[in-house]
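>>> With the sequence up front, the predicted model follows.
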Amino acid sequence: MRLTRRYRFSAAHRLNSPALTDAENDETYGKCNNPYGHGHNYVLEVTVEGPVDPISGRVTAPPLLDEFVVKEIVSRYDHRNLNEEVNELAGVVPTTEVVSEAIYKRLHAHWPETLPALARVRVWETRNNIFEVTKEPV
Amino acid sequence: MKITRRIEFSSSHICALPGRSAEENHSLYGAAANPQGHGHNFVLEVTIAGEPDPVTGMIVDLKRVKEILNQEVVGPFDHRHLNYEVPAFEKVVPTAENMALEIWRRLAPHFSGSAKLHLVRLFETDDLYVEYTGEPV
């Protein structure tokens, strides 16, 4: 059985690669290259997978998962500038591909034994752009 | 190929184990343990997998899926108190997980032909959902 919780964080970012020229960055990232940055209301889905406890009828107690995800991600990402204020994104271009992999890695690295296995991280950048990670990124 | 049908039903429930203290139940289920009950607009997505019939071009007749869902889920669950009015939850706590298992048990026998029940996804709220694909529990 899989159980998914949805969280929200609002954050700023700018897509600009130091490996590219200004013209190439503009060409590659378009409006997302705006030097002043821009922001999104991100939606984060975290999915756990495990057996249903025969007594409680639960895969996990959602408050346990909430406490962990809020501490590791939401409280550190919400109302922040992803380029400037999130350690695991320092020096990388915070596309939502990179952000969702960083979230998966951080959750996986600190995953408590009290929770069933992490099965999936899905990040909605907008309601039309959705990114999904289902295994440890290399 | 897969096809998904979505339905909604509104039900009340209590998530608490009989014989446990209010504190124990609250630590297990949070606000859902309120002995007075509470309710949700549940959203159910049912996914059927199969190959389109070469003549009809359909995996399964969606009218029939709608009838099955009305008979097996909406009829018994909608505007009901799950603990008191659905026999399966007389002794089983109607968590979203147990509801998904019960819905799977009710639906699977209707899809024994080439179109198979593939996934039951039940949203308790927009921010909490469970998914079951029939694996042994």
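Nice, thanks for sending it over.
>>> tell me what the biggest helix by length in chain A is packed against?
Ranked by residue count under DSSP state H, the longest helix found in chain A is helix A:96-109. Applying 3 or more Cβ pairs under 8 Å, 6 or more residues apart in numbering or on different chains; DSSP states H and E, one finds that helix A:96-109 contacts strand A:38-49, strand A:117-126, strand A:129-133. C-beta here means a position set from N, CA and C on the backbone, and glycine is covered the same way.
>>> could you redo the last one with a cut-off of 10 Å?
strand A:2-13, strand A:38-49, helix A:62-69, helix A:75-77, helix A:82-85, strand A:117-126, strand A:129-133 (3 or more Cβ pairs under 10 Å, 6 or more residues apart in numbering or on different chains; DSSP states H and E).
>>> what's the closest of those to B:Ala31?
Closest approach to B:Ala31 among these (Cβ to Cβ): helix A:62-69, 9.5 Å.
>>> That closest one: which residues count as buried?
The neighbour-count check on helix A:62-69 (16 or more other Cβ atoms under 10 Å in any protein chain shown) flags A:62, A:65-66, A:68-69 as buried.
>>> Any part of that helix near chain B?
Yes - interface with chain B: helix A:62-69 contributes A:62-63, A:65-66 (Cβ under 10 Å from any Cβ of the partner chain).
>>> A:Asn83 reaches A:His13, doesn't it?
Yes - judged on Cβ atoms under 10 Å, A:Asn83 makes contact with A:His13 at a distance of 5.8 Å.
>>> Settle it for me: which of these two has more neighbours?
Taking other Cβ atoms under 10 Å in any protein chain shown, A:Asn83 and A:His13 do not tie; A:His13 has more neighbours (25 against 19).
>>> Let me see the contact set for B:Thr47.
B:2-6, B:116-121, B:131, B:133 (Cβ atoms under 10 Å, 6 or more residues apart in numbering or on different chains).
>>> how much space between the residue of chain A most remote from its centre and B:Glu24?
Computed with Cα atoms, centre = their mean, the residue of chain A farthest from its C-alpha average is A:Ile55, at 32.5 Å. A:Ile55 sits 11 Å away from B:Glu24, going by Cβ to Cβ, to the nearest Å.
>>> if I look at the two, which residues touch both of them?
In terms of Cβ under 10 Å, 6+ apart, A:Ile55 and B:Glu24 are both contacted by the residues B:Leu17.
>>> Show me what counts as buried in stretch A:122-135.
Buried residues in stretch A:122-135, counted by 16+ other Cβ under 10 Å: A:122-125, A:131, A:133.
>>> Any idea which helix or strand in chain B has the lowest mean pLDDT?
Across the helices and strands of chain B, mean confidence by mean pLDDT, DSSP states H and E is lowest for helix B:22-29: a mean of 91.
>>> And that helix, what does it pack against?
Applying 3+ Cβ pairs under 10 Å, 6+ apart, one finds that helix B:22-29 makes contact with helix A:62-69.
>>> try it again with 7 Å
Under the contact criterion of 3 or more Cβ pairs under 7 Å, 6 or more residues apart in numbering or on different chains; DSSP states H and E, helix B:22-29 touches no helix or strand at all.
>>> Give me the residues contacting it.
Helix B:22-29 is contacted from outside by A:56, A:61, B:15-17, B:33, using Cβ atoms under 7 Å, 6 or more residues apart in numbering or on different chains.
>>> swap the cut-off to 6 Å and go again
Residues from elsewhere that reach helix B:22-29 (Cβ atoms under 6 Å, 6 or more residues apart in numbering or on different chains): A:56, B:15-16, B:33.
>>> how about JSON lines for the residues you listed, with distance to A:Glu88 and neighbour count added?
Converted to JSON lines, these look like this (distance: Cβ to Cβ, whole Å; neighbours: other Cβ atoms under 10 Å in any protein chain shown):
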{"residue": "A:Ser56", "distance to A:Glu88": "34", "neighbour count": "19"}
{"residue": "B:Cys15", "distance to A:Glu88": "36", "neighbour count": "24"}
{"residue": "B:Ala16", "distance to A:Glu88": "40", "neighbour count": "20"}
{"residue": "B:Ala33", "distance to A:Glu88": "36", "neighbour count": "20"}
